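> After the sequence you'll find the predicted model.
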Amino acid sequence: MLTENDLQQISKEGLDAEIVIKQLETFTQGIPFVKVITAASIGNGIELIGKDDQQKLVGLFEEKKAGLDLVKFVPASGAATRMFGFLHRFLDGFDPDKEKLNDYLKSQNNLTLNTFFTSMKDFAFVDQVRKKIREHYPDYRHGKKGLRAHIFVKMMLTEKGLNFMNRPKGLIPFHKYSKYATTAFEEQLYESSYYASARGEAFLHFTFSESHVDFFKNEFEDVKRRVTKKTKTNFNISYSFQKKETKTIAVSEANEPARTAAGELIFRPSGHGALLENINDIDADVVFIKNIDNVVIEELTENSSFYKKMLAGKLLWIQNKVFGYLRKIAENNVDDECVKDVKSFLWNELNIKDIPDDVEKIEDLLNRPIRVCGMVKNIGAAGGGPFWAKDDTGKTTLQIVELAQINTQDKHQQTLITQATHFNPVDLVCGLRDFKGKKFDLTKFTDPNTGFITKKPENGVSIKALELPGLWNGGMANWNTVFVEVPLSTFNPVKTVNDLLAVEHRPHS
């Protein structure tokens, strides 16, 4: 399938031709579905920690954190395009010269649009939009309702105005305080001072798109003084891009290499699973992972941060036990009673059900990266969840599984999905160092058979794209995993602009 020109292009892209050929074979062969055995639930893979024990774990973390390297890792490369999708369709579909706004809204039966227009004054960005309108449309106030609505959305979304359609989601104004508005980026800084800081220093690592870097740098300079003064914390920001060598080849519906009009191969970013490489470059004791848009207003931050510290305390407690066992094994100080104790720990605390008798194999099970994942009660949100799954060797493990990985045409598998009690909000605390303080090579603990094949539009044509094993599912498939229930109040993502009307995004001051 590949020509000499293709091979030269692959080399210029910094990719390995053999890997590209394997990717093409994957499209043809397909990726097997994950076989789900049952949904994880309280007492069956998900731990419910009582109030007293929560406080003890928070206390453990507070006691130990000054001696730890802490990093908060925030994927932030996404543009805000989807957040404003229904408004973009409004711009394309509504002509204020030919139709009244109320008639259009009725004909569309669009509650989402109606909610936006009746709540415009409540959004944090309203003053910025009005300023742009005054610059370009001095007679705006005298226009009809439909024209004003159209101009408002145009000034908000397009290049002529604020260009929100192409701005990173992390830099959209989210929260409207009395004297200023904050972006998700600023709220992530503020929040990190509560749990991802020690000795007055917070370290955050963001993954940006290269085209967005200067925007984020400017935002940091604008808000640094304010957030530092409020939190008495010094913020250290680092960032990285999705690595070019993680791009994957795209194919046509017939599984042949997709090409541009000029005949060149099309390569695409390989999903958030590629970010495992970025985390792998971080050398820290504890890494908190949280999506850029999952933030709350300042007055609710202490509550959500309590549970981050609780998860981190749980991680430290587990590490203390694991490291103690590994030191005993390294010192050859293991008797039958110790082996029995380790097996009980693996079964009850790390949810490992296939436990060997051989001490070397037990050592291998213990000596892995650890993740403690917050899980919230299922509210019907799209995305992955906690399941017991069986791999092709017959081994059953606790995994975060995305819906796309499950064969929904299989009635039994579909039934298991409907029985799921909990949902993955992407709330992880990770231990990346071993008992000797050496950083794990995270690429050795993935399941390469758990990628995704998705369909994407490309120049008006549907193509197939290959995504690497997801960051928190296949990318961490062979980590030691603990699921802990956290309240729904810790999960407040902004998927569409109207989500900003929820109380968690509406400051009282």
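Received the coordinates, thanks. Residues are numbered from 1 along each chain as shown.
> Without its sequence neighbours, what residue ends up closest to the most centrally placed residue in the chain?
In the chain, the C-alpha nearest the mean C-alpha coordinate belongs to Asn291, at 4.2 Å (C-alpha atoms, centre = their mean). Sequence neighbours aside, Val426 is the residue nearest to Asn291 in space, at 5.0 Å (criterion: C-beta to C-beta, 6 or more residues apart in numbering). For the C-beta atoms, the positions are set from N, CA and C on the backbone; glycine is no exception.
> from what I can see the one you found touches Met476, true?
No. Look at Val426 against Met476 with C-beta atoms under 8 Å: they stay out of range, at 11.7 Å.
> Averaged over its residues, which helix or strand of the chain has the lowest pLDDT?
Lowest mean confidence among the helices and strands of the chain (mean pLDDT, DSSP states H and E): strand 452-458, at a mean of 84.
> which helices and strands does that one pack with?
Packing partners of strand 452-458 (3 or more C-beta pairs under 8 Å, 6 or more residues apart in numbering; DSSP states H and E): strand 461-467.
> if you set the cut-off to 10 Å instead, what comes out?
Applying 3 or more C-beta pairs under 10 Å, 6 or more residues apart in numbering; DSSP states H and E, one finds that strand 452-458 makes contact with strand 267-268, strand 461-467.
> wait, which of these is closest to Gly50?
Closest approach to Gly50 among the helices and strands packed on strand 452-458 (C-beta to C-beta): strand 461-467, 38.8 Å.
> now that closest one: how far from the chain's centre is it?
Averaging C-alpha positions (C-alpha atoms, centre = their mean, to the nearest Å) puts strand 461-467 21 Å from its chain's average.
> need the contact list for Pro487.
Neighbour list for Pro487: Asn303, Ser304, Phe306, Tyr307, Gly374, Val376, Lys377 [criterion: C-beta atoms under 10 Å, 6 or more residues apart in numbering].
> Take these and write them to JSON lines, including neighbour count.
Formatted as JSON lines, the contacts of Pro487 follow (neighbours: other C-beta atoms under 10 Å):
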{"residue": "Asn303", "neighbour count": "13"}
{"residue": "Ser304", "neighbour count": "23"}
{"residue": "Phe306", "neighbour count": "18"}
{"residue": "Tyr307", "neighbour count": "21"}
{"residue": "Gly374", "neighbour count": "24"}
{"residue": "Val376", "neighbour count": "19"}
{"residue": "Lys377", "neighbour count": "13"}
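> Using neighbour counts, pick out the buried residues of the lengthiest helix in the chain.
Identified as the longest helix of the chain according to DSSP state H is helix 298-330. Neighbour-count burial for helix 298-330, with 16 or more other C-beta atoms under 10 Å as criterion, is recorded at 298, 300-301, 304-319, 321-323, 325-326, 328-329.
> swap in stretch 81-91?
Those would be Met83, Phe84, Phe86, Leu87, His88, Phe90, for stretch 81-91 by 16+ other C-beta under 10 Å.
> now swap in stretch 405-414 and tell me
The neighbour-count check on stretch 405-414 (16+ other C-beta under 10 Å) flags Gln405, Ile406, Gln413 as buried.
> so the first one sits right up against Gly273, yeah?
No. In terms of C-beta atoms under 10 Å, Gln405 does not count as a neighbour of Gly273; the distance is 11.9 Å.
> residues bridging contact with these two, i.e. touching both?
Counting by C-beta under 10 Å, 6+ apart, the shared contacts of Gln405 and Gly273 are Thr450, Gly451, Phe452, Pro469, Gly470, Asn473, Gly474.
> Next, work out how far apart Lys230 and Leu189 are.
Per C-beta to C-beta, to the nearest Å, Lys230 is found 10 Å from Leu189.
> Same check on Gly143?
Using C-beta to C-beta, Gly143 is found at 39 Å from Leu189.
> of the two, who's got more company?
Leu189 (27 against 14; other C-beta atoms under 10 Å).
> Setting the sequence-adjacent residues aside, check what's closest to the more buried one.
Nearest one to Leu189, counting by C-beta to C-beta, 6+ apart, is Val227 at 5.0 Å.
> pLDDT (mean, whole number) over the helix or strand containing that neighbour?
Per DSSP states H and E: Val227 is located in helix 213-231. Averaging pLDDT along helix 213-231 yields 97.
> Report all helices and strands that whichever helix or strand comes after it contacts.
Per DSSP H and E, the first helix or strand lying C-terminal to helix 213-231 is strand 234-240. With contacts taken as 3+ C-beta pairs under 10 Å, 6+ apart, strand 234-240 sits against strand 70-75, helix 184-195, strand 197-198, strand 201-207, helix 213-231, helix 276-280.
> ok so, going back, and the gap between the residue nearest to Leu189 and Ser197?
Applying C-beta to C-beta to Val227 and Ser197 gives a distance of 12 Å.
> re earlier: could you check the angle the longest helix of the chain makes with helix 213-231?
Helix 298-330 and helix 213-231 are oriented at 100 degrees to each other (axes from the mean of the first three to the mean of the last three C-alpha atoms, to 10 degrees).
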